[in-house]
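structure for the following, please:
(one chain, ligands or ions: 2)
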Amino acid sequence: MEEEDDCPELVPIDSQPGPPARQIPVTIITGYLGAGKTTLLNYILTEQHNKRIAVILNEFGEGSALEKSLAVSQAGELYEEWLELRNGCLCCSVKDNGLKAIENLMEKKGKFDYILLETTGLADPGAVASMFWVDAELGSDVYLDGIVTVIDAKYGLQQLKEEKADGLVNEAARQVALADLTIINKTDLVAEEELNQVRDTVRSINGLVKILETQRSRVDLSAVLDLHSFDCQDGAKLAEKLQLVKSAKPHLDKSILTVTFEVTGELCEDALNAFIQDLLWEKKFCNKAGKPMSVIRLKGIVSFAGKAHQVMLQGVHELYELNETPELWEEDPHTNRLVFIGKNLDKDVLQEIFISTVLMNGEAK
Ligand SMILES: Nc1nc2c(ncn2[C@@H]2O[C@H](COP(=O)(O)OP(=O)(O)OP(=O)(O)O)[C@@H](O)[C@H]2O)c(=O)[nH]1
Ligand SMILES: [Zn+2]
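Ligands and ions are numbered 1, 2, ... in the order given. Sure thing, here's the model as predicted:
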C-alpha cells in the first residue's frame, strides 16, 4: 500500500505578506465606450503567461441574455465558459449570484489563478469594486486586486471634460477617479501636445493613479496584474506614494479632482470614523460655494493615539476601511497624510474640519 497517498500533506503556514494564498485576485477593467478594454483583455489572454485567467465580459447582451460569456485562457490557449446570471447584468448580479457563479465555476472547473472583469463603458466601477471588496472580507475565494481604466487618447479629453446636466456624474471622469492604473490607449492617433493634455487631465482628476501609454492596449502584464492596491501590507509603499501627491489646482467647473493634505500629531479613532462617515455617507461638508463635497476614492496613512503602528485608510465609493499596517512610526511627530478624490472638494475646508475634530494635538503643516 502506498502510504503517501493517504497521508495528509503538511502545509507550512503561509507567513508571506499579502492576502491569503487561497484567494484569487480580481482586476476590474473599465473605461469609456470604445477605449480599448476588449483589446486589452484579448492582449492579456493571448500573451504568454503561466496563469489560468478567467475573463468576464460584462457587456449588455442582445435581448435578455441570462448567461455571460466567460473566456478562460491558459498558456495562451482560449476556451469559453458560460456564466449564468439571474438578470444578465453583472453589476446587479455580483451581489446576489455573480460571485457565487464564479465560485461554482471554480469548483467545477478547478481554480483560476486570476480573474479579469470588463465592465461596460458606462458602468460605475465603484459599485462592482465595492461588492468584491466586501465579499473578500466575508471570506470569499476572491479579492479585489485593482481597478484599471483604459482611456482613449483621441476622445478621452472630450469625454473627461464633458459637463453633465446638474447632479449627474461624468462616467469617464468617475472611472479615472477610481482607478489604480490608467492606460491611455490609441496614442497612434494623437500628437504629443494632445497626449500631454490627456495626461495632465488624468493627473488632475486622480493624483494617485499610475499612468501608462499604449497602442492596441499592449502593456507589460506585470504592470496590470497583481497590483495589490487594497492590501494593508504595503503601508510603506503607500506612505511613500502619498508624499508625492499634489492637490490639483481648484477648477471653476464641477469636475472631479484630487486634494491632499498633511497634518502632524495623533488622531482620535472615533472622531476619524465620524469624520469619514460625515464625508462619505452624510455628505455633510460643503465647499465655499455651498456645494456638498462628494468623495469617490480615499486613501491615507494615519496615526492613532497610543498605537505604535501606522494605520492605512482606504475608501471606495461609500465603503472605507482602517487597517493597521506592519509599519511602525519612526519620525516624531507622526505625519498623517490623506488623499481625497471627488467632486466639489475644498482642501482648506476639509483640513480645517479635520484639525478641529479629529486631531488630538499637533498642528497642520
Ligand atoms: N487606432 C487605434 N485603434 C485601436 C487601438 N486600440 C484599439 N483600437 C480599436 O478601437 C476599437 C474599440 O476597441 P475595443 O477594445 O473594442 O474597445 P472597448 O473599450 O472594449 O469598447 P466597448 O466595450 O464597446 O466599450 C476597435 O476597433 C479597436 O480595434 C489603438 O491603439 N489604436
Ligand atoms: Zn469591450
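
who does the most centrally placed residue in the chain form a beta bridge with?
By C-alpha atoms, centre = their mean, the chain has its centre lying nearest to I147, at 4.1 Å. I147 forms beta bridges with I28, as assigned by DSSP bridges.

measure it to E321 for me?
Plainly put, I147 is 16 Å away from E321 if you go by C-beta to C-beta, to the nearest Å. The way it works is simple: take the backbone N, C-alpha and C, and place the C-beta from them, glycine included.

ok, L117 next?
Taking C-beta to C-beta, one finds L117 at 21 Å from E321.

compare the two (neighbour count), which wins?
The neighbour comparison of L117 against E321 (other C-beta atoms under 10 Å) goes to L117, with 26 against 15.

quick check: residues of the stretch 1-150 of the chain near ligand 1?
G31, L33, G34, A35, G36, K37, T38, T39, G121, V150 (C-beta under 6 Å from any ligand atom).

of the residues you listed, the lowest pLDDT goes to which?
Lowest pLDDT within those is found at G121 (67).

E330 - how many residues pack around it?
7.

could you check how far it is from ligand 1?
44 Å (C-beta to the nearest ligand atom, to the nearest Å).

same question for D124.
14 Å.

confirm for me that that residue is in contact with N170.
No: look at D124 against N170 with C-beta atoms under 8 Å: they stay out of range, at 11.1 Å.

same drill for these two, tell me which one is more crowded.
Taking other C-beta under 10 Å, D124 and N170 do not tie; N170 has more neighbours (21 against 18).

my guess is P125 contacts T119. True?
Yes: with contact defined as C-beta under 8 Å, P125 counts as touching T119 (5.3 Å).

which residues do the two both contact?
I28, T30 (C-beta atoms under 8 Å, 6 or more residues apart in numbering).

ends of stretch 201-216, what's the gap?
Stretch 201-216 has an end-to-end distance of 21 Å (C-alpha to C-alpha, to the nearest Å).

to clarify, my last question referred to stretch 222-232.
For stretch 222-232, the first and last residues are 20 Å from each other (C-alpha to C-alpha).

stretch 267-287 too?
So stretch 267-287: terminal residues 23 Å apart, C-alpha to C-alpha.

list the contacts of that stretch.
Identification of contacts with stretch 267-287 by C-beta under 8 Å, 6+ apart yields 292-295, 298, 302-305, 313, 315, 318, 320, 322, 336, 344-346, 349-350, 353-354, 357-360.

now, the residues you listed that are in strands?
S294, V295, L298, V302, L313, G315, Y320, L322, N336 (DSSP state E).

ok, so of those residues, who is nearest ligand 1?
For the ones in strands among the contacts of stretch 267-287, the closest approach to ligand 1 (C-beta to the nearest ligand atom) belongs to S294, at 25.3 Å.

quick check, the closest one in contact with F340.
No: between S294 and F340 there is no contact under C-beta under 8 Å: 10.0 Å.

neighbour-wise, which of the two wins?
Taking neighbours as other C-beta under 10 Å, S294 and F340 compare with F340 leading, 24 against 16.

OK, contacts around the more buried one?
T258, V259, T260, V295, R297, L298, L350.

need the next SSE after the host helix or strand of the third one, C-terminal direction.
Assignment of secondary structure by DSSP states H and E places T260 within strand 257-264. The first helix or strand that comes after strand 257-264 along the chain, using DSSP H and E, is helix 269-277.

for the stretch 251-365 of the chain, give me the ranges with low pLDDT.
Residues of the stretch 251-365 of the chain that meet the criterion pLDDT under 70 lie in 251-254, 361-365.

check the stretch 101-250 of the chain too.
Ranges of the stretch 101-250 of the chain meeting pLDDT under 70: 101-110, 121, 134-140, 166-167, 233-235, 250.

okay, strands next: where are they in it?
114-118, 142-152, 181-185, 210-213 (DSSP state E, counting those that start in this stretch).

please work out which of those is packed deepest.
strand 142-152 (a mean of 26; mean count of other C-beta atoms under 10 Å).
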